[in-house]
Structure formats: C-alpha cells, structure tokens
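*Asks:* Below are the sequence and a predicted model; questions follow.
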Amino acid sequence: MNDFFEDASERNRSFSFDSENARNFDKDNINKAKQGVKELIADAISKAKTDAIKIKNQALEEGKSTGYEEGIKSGFQDGENKAKEEFIPLLQTINSLTRELSEFRTMIYPKVEKEMIEMVTGLAKKILQYEIETKEDSVKQMIL
C-alpha cells in the first residue's frame, strides 16, 4: 500500500503553473467575456427598445380604435337625443292632429253619407235624363 502513497517529496511533478501567463490569459478571457456581455446587453437593449416601440404603436392604434368607436357611439347617442328633443313636440302635435282628424271623420261621416247618396242619385238622374233627351231609342235600349 505504501507503493500507492509515495512521499510528497518523492513525486515527480511535470505540471507547473506560470502565474504571469495565467494572469494574462485570464485578463484576455475576461476582456473577451466583458465584450461578449456588452454585446449581449446591447442586443437585449436594442430588442427591448424595438419591442417597446411595437407595443407603444399597438397600444396607440388600439387606443385610437377604441376612442373612435366610443366617439361614434357617443356622437350617435347625442344626435339621437337632440333629434328626440327637437322632434318630440312635432310628433306629439302630428299625433294629436291625426287623432282629431280621425274623430272628426268619424263624427262627420254619417252626416255626409246622406248628402253623398243624394248627390250620386241626382247625378244618375241627370245622366239618364240627358240620355233620354238626346237619343230617341234610349229607353228601348235600356229595357232590352
């Protein structure tokens, strides 16, 4: 077992550490890493700015669209309300006049009906009398 565990002084070391080269190598790697991180951050910032602009534009369009639709609805509602305010008295007057005219017609129709019958009968008599006077055989034609 002693063969496996040699004395530390007896070991042959082929590995050596040059601290000056290691420091230079580390600085170079660190600088490269810093540059890579800077590029990643710059790319992330650029992408974030682009995304922010897209989101801002999308929100602006949605806001315009929503505002436009709400404006149309509000304008339509305002117009409808103003029209109602303006035309309700007129419509009430028209309804009142229509009702009065209907009542007048209902009241006057029986009175006028008798006069209309007399007028139509009188007109028929005049036409018959004219036919009889102008045509000699008109009575004969009426009978046959």
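*Replies:* Received it, and whenever you're ready, just let me know what you need.
*Asks:* Report the distance from stretch 56-69 to the chain centre.
*Replies:* Between the centre of stretch 56-69 and the centre of its host chain there is 13 Å, according to Cα atoms, centre = their mean, to the nearest Å.
*Asks:* Using CSV, list the CA coordinates for it.
*Replies:* Below are the C-alpha coordinates for stretch 56-69, written out as CSV (Å, rounded to 0.1, in the frame of the first residue of the first chain):
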residue,chain,number,x,y,z
LYS,A,56,-46.4,51.5,-27.9
ASN,A,57,-47.6,51.7,-31.5
GLN,A,58,-50.0,48.8,-30.9
ALA,A,59,-51.4,50.5,-27.8
LEU,A,60,-51.7,53.7,-29.7
GLU,A,61,-53.7,52.0,-32.5
GLU,A,62,-55.9,50.2,-30.1
GLY,A,63,-56.5,53.5,-28.2
LYS,A,64,-57.4,55.3,-31.4
SER,A,65,-59.7,52.5,-32.5
THR,A,66,-61.4,52.3,-29.1
GLY,A,67,-61.6,56.1,-28.9
TYR,A,68,-63.0,56.3,-32.5
GLU,A,69,-65.7,53.7,-31.8
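*Asks:* Give the other helices and strands that the worst-scoring helix or strand of the chain on mean pLDDT contacts.
*Replies:* For the chain, the helix or strand with the lowest mean confidence is helix 138-143, at a mean of 72 (criterion: mean pLDDT, DSSP states H and E). Under the contact definition 3 or more Cβ pairs under 8 Å, 6 or more residues apart in numbering; DSSP states H and E, helix 138-143 sits against helix 19-134. C-betas here are computed from N, CA, C, even on glycine.
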